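*Asks:* the following comprises the amino acid sequence and a computationally predicted model.
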Amino acid sequence: MTAGIDPVVVAANVASVRERVAAAAGRAGRDPGSVTLVAVAKLFPPSAVRAVLEAGVPDVGENYANDLERKAAEVPGVRWHFVGRLQRNKAGTLVRVGALVHSLDTLAGARALGRRAVAAGTTARALVQVEVDDREAAHGVRPAELAAFLDACRAEDGLEVDGLMVMPAPADDPEATRPAFRRTAELAGRLGLVQLSMGMTADFEVAVEEGATLVRVGTALFGPRPVKRAAAAPHPAGPGGGSGA
């Protein structure tokens, strides 16, 4: 067991988060089974992935493609999710491990995923990241451009778009994120998209009440994220780095 990762504690945290998801789903009249818990293991060791897998959580998210590839090689049996900023030169890595990409927001990224998937004889799966808070510096496709963006993505061979992902503006009050979740769910419904990646540790219950089908939870499962990366080159910073708190 790696220091800081206690499988017993992680299992208890998983049970607690699942109870909270179920309660939120109940308040919204939803089936708790329609919500997938994605354990975001950003900066945590492979032992964290093993711990959630043993606790019954097969869906694990990573923010960095290199870390995802390394952990996928060490821990079999995981359904991988990529929740960080999508870089075109990492598309091949994501396709190789079969990760669901939550952060597609450029046609260049769509083409890279599709091209790599066609070459590998498979299909890349992605969610389109949307920006509904009108922040100038934020990443994501704006609502007015979403339909055209989806059409362009669907024209790419080897790429399948399953739904939307949103990262609302940070807020101290979880209720402050509700309008962004609600608007994203409305966009998905209007466009016939089923999957909704919404909510992190601070606000996943609100996200479930508003229709999330995937919640990206890290801190509530593993505790505070490590501050330093041991023996690793620094990764470029970006908004995608915070998509699984």
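*Replies:* Received the coordinates, thanks.
*Asks:* all contacts plus neighbour counts: C-alpha atoms, from now on.
*Replies:* OK.
*Asks:* show me the longest helix that occurs in this structure.
*Replies:* Longest helix in the chain by number of residues, with DSSP state H as the criterion: helix 7-27.
*Asks:* and the helices in the chain, which stretches?
*Replies:* Listed in chain order, the helices of the chain (DSSP H) span 7-27, 46-54, 65-74, 91-97, 107-120, 143-154, 178-191, 204-209, 219-222.
*Asks:* need the ones you listed in JSON lines with distance to His81, mean neighbour count and mean pLDDT, can you?
*Replies:* Below are these laid out as JSON lines (distance: least, Cα to Cα, whole Å; neighbours: other Cα atoms under 10 Å; pLDDT from 0 to 100):
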{"stretch": "helix 7-27", "distance to His81": "18", "mean neighbour count": "18", "mean pLDDT": "98"}
{"stretch": "helix 46-54", "distance to His81": "12", "mean neighbour count": "22", "mean pLDDT": "97"}
{"stretch": "helix 65-74", "distance to His81": "9", "mean neighbour count": "17", "mean pLDDT": "97"}
{"stretch": "helix 91-97", "distance to His81": "9", "mean neighbour count": "20", "mean pLDDT": "97"}
{"stretch": "helix 107-120", "distance to His81": "14", "mean neighbour count": "20", "mean pLDDT": "98"}
{"stretch": "helix 143-154", "distance to His81": "19", "mean neighbour count": "15", "mean pLDDT": "96"}
{"stretch": "helix 178-191", "distance to His81": "20", "mean neighbour count": "18", "mean pLDDT": "97"}
{"stretch": "helix 204-209", "distance to His81": "17", "mean neighbour count": "26", "mean pLDDT": "98"}
{"stretch": "helix 219-222", "distance to His81": "16", "mean neighbour count": "22", "mean pLDDT": "96"}
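*Asks:* could you dump the ones you listed into JSON lines and include distance to Asp172?
*Replies:* Shown next, in JSON lines, are the helices of the chain (distance: least, Cα to Cα, whole Å):
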{"stretch": "helix 7-27", "distance to Asp172": "19"}
{"stretch": "helix 46-54", "distance to Asp172": "27"}
{"stretch": "helix 65-74", "distance to Asp172": "30"}
{"stretch": "helix 91-97", "distance to Asp172": "33"}
{"stretch": "helix 107-120", "distance to Asp172": "32"}
{"stretch": "helix 143-154", "distance to Asp172": "25"}
{"stretch": "helix 178-191", "distance to Asp172": "12"}
{"stretch": "helix 204-209", "distance to Asp172": "13"}
{"stretch": "helix 219-222", "distance to Asp172": "16"}
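*Asks:* ok, which of the ones you listed comes nearest Leu37?
*Replies:* Closest to Leu37 of the helices of the chain is helix 7-27 (Cα to Cα; 7.8 Å).
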